[in-house]
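Student: Please find the sequence and the predicted model below.
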Amino acid sequence: MIARLARRFPNLAADVARHFEADQERSLLSQVVYALESQGVWAVAVYRFGRWTYREGPTGAAGVPFKAAYHALHKAVEVATGVVLPASADVGPGLLISHPGTIIVHPQTRIGAHCSVGQDTTIGTTGRGGNGVPSIGQDVFLGSGCRVLGGISIGDGASIGANAVVLRDVPAYHTAVGVPAQVVPRRSIVPPVAGLAPGQPPGRKGT
Ligand SMILES: CC(C)(COP(=O)(O)OP(=O)(O)OC[C@H]1O[C@@H](n2cnc3c(N)ncnc32)[C@H](O)[C@@H]1OP(=O)(O)O)[C@@H](O)C(=O)NCCC(=O)NCCS
């Protein structure tokens with residue numbers, strides 16, 4: 001039954017699997033409970049439901065209850081968790097939101113597969129007339145409190161430091177820190193905290 005659900009909803013299965021990866025010391029039951037209790041999983045599950053509703057779900061009158069349910073759940077998640085992750089954003093499989101806290105994602109954002117987003121993070125426009133939206137590659141690590149703003153690209157495997165304000169492109173497998181963020185040479189690729197693993201260059205264990 002679980003295997004069949006995972007095959008039917010592979011992106012959501014990949015999201016939940018990220019929580020399992022985060023702490024492999026736990027028993028399977030403990031991992032399942034941990035994932036179900038995770039506010040990040042609630043938010044991502046509702047996002048995936050919204051994507052399904054609008055892209056694959058029933059159309060016309062038959063789709064109305066699904067769309068209504070999605071909007072109610074989206075609002076409930078927003079109020080309960082502070083995560084705003086609209087179904088129109090394009091997020092690849094394996095998104096990890098491991099801690100509760102406000103996360104705002106612009107509706108036109110693109111986020112690649114296997115990314116990690118820390119709490120208190122904003123991904124959106126610069127405001128005041130700037131309407132470009134970030135495009136984020138795969139295996140990207142967004143540290144807690146960061147802001148990624150404007151029509152910029154964050155390359156695959158990049159890491160964004162805690163509290164960074166990123167206003168320019170970040171090349172693949174580079175790290176950006178500070179306000180405004182600067183790209184720094186990368187000395188370490190060890191995950192700073194279990195469950196919030198920075199992206200790793202290709203070929204390394206765990207990629
Ligand atoms: C960005 C990050 C992943 C970099 O890790 P790293 O690749 O190991 O990089 P280093 O620790 O070698 O740091 C490289 C340089 O950037 C600086 N730096 C690192 N993180 C920084 C940050 N968030 N803000 C400002 N400067 C930072 C370091 O001081 C160092 O500068 P120096 O060369 O002048 O000494 C990590 O520092 C970080 O910010 N992680 C976020 C963790 C997080 O969100 N935790 C929340 C858990 S709930």
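Tutor: Thanks, I have the structure now.

Student: ranges for the helices of this structure?
Tutor: Taking DSSP state H to define them, one finds helices in the chain at 2-8, 10-22, 28-37, 39-55, 64-81.

Student: By mean pLDDT, point me to the weakest helix or strand of this protein.
Tutor: helix 2-8 (a mean of 76; mean pLDDT, DSSP states H and E).

Student: neighbouring contacts of that helix?
Tutor: A13 (CB atoms under 8 Å, 6 or more residues apart in numbering). Just so you know, the C-beta spots here come from the backbone N, C-alpha and C atoms, and that holds for glycine as well.

Student: what comes up buried for it?
Tutor: In terms of neighbour count (16 or more other CB atoms under 10 Å), helix 2-8 has no buried residues at all.

Student: remind me which residues of this structure are low pLDDT?
Tutor: Along the chain, segments meeting pLDDT under 70 span 1-2, 22, 186-207.

Student: now stretch 161-178: how far from the chain's centre is it?
Tutor: 16 Å (CA atoms, centre = their mean, to the nearest Å).

Student: is the ligand contacted by it?
Tutor: Yes: using CB under 6 Å from any ligand atom, stretch 161-178 reaches the ligand at 161-163, 175, 177-178.

Student: What subset of those is buried?
Tutor: So, by 16+ other CB under 10 Å, the buried ones in the residues of stretch 161-178 next to the ligand are 161, 163, 175, 177.

Student: CA atoms only for the least confident helix or strand of the chain, dumped as PDB, please.
Tutor: Extracted in PDB, the C-alpha atoms of helix 2-8 (Å, rounded to 0.1, in the frame of the first residue of the first chain):
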ATOM      1  CA  ILE A   2       2.800   2.500   1.000                       C
ATOM      2  CA  ALA A   3       4.800   1.400  -2.000                       C
ATOM      3  CA  ARG A   4       1.800   1.900  -4.300                       C
ATOM      4  CA  LEU A   5       1.200   5.400  -2.900                       C
ATOM      5  CA  ALA A   6       4.900   6.200  -3.300                       C
ATOM      6  CA  ARG A   7       4.800   5.100  -7.000                       C
ATOM      7  CA  ARG A   8       1.600   7.200  -7.500                       C
END
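
Student: quick one: contacts of stretch 67-81?
Tutor: With CB under 8 Å, 6+ apart as the test, stretch 67-81 has contacts from 39-40, 42-43, 46, 49-50, 53-54, 57, 83-87, 100.

Student: Show me the two of the residues you listed that sit farthest apart.
Tutor: Greatest spacing in the contacts of stretch 67-81, by CB to CB: G57 and P100 (28.2 Å).

Student: State the distance from the residue lying farthest from the centre of the chain to R110.
Tutor: Largest separation from the mean C-alpha position in the chain: A61, at 31.4 Å (CA atoms, centre = their mean). From A61 over to R110 the distance is 32 Å, taken as CB to CB, to the nearest Å.
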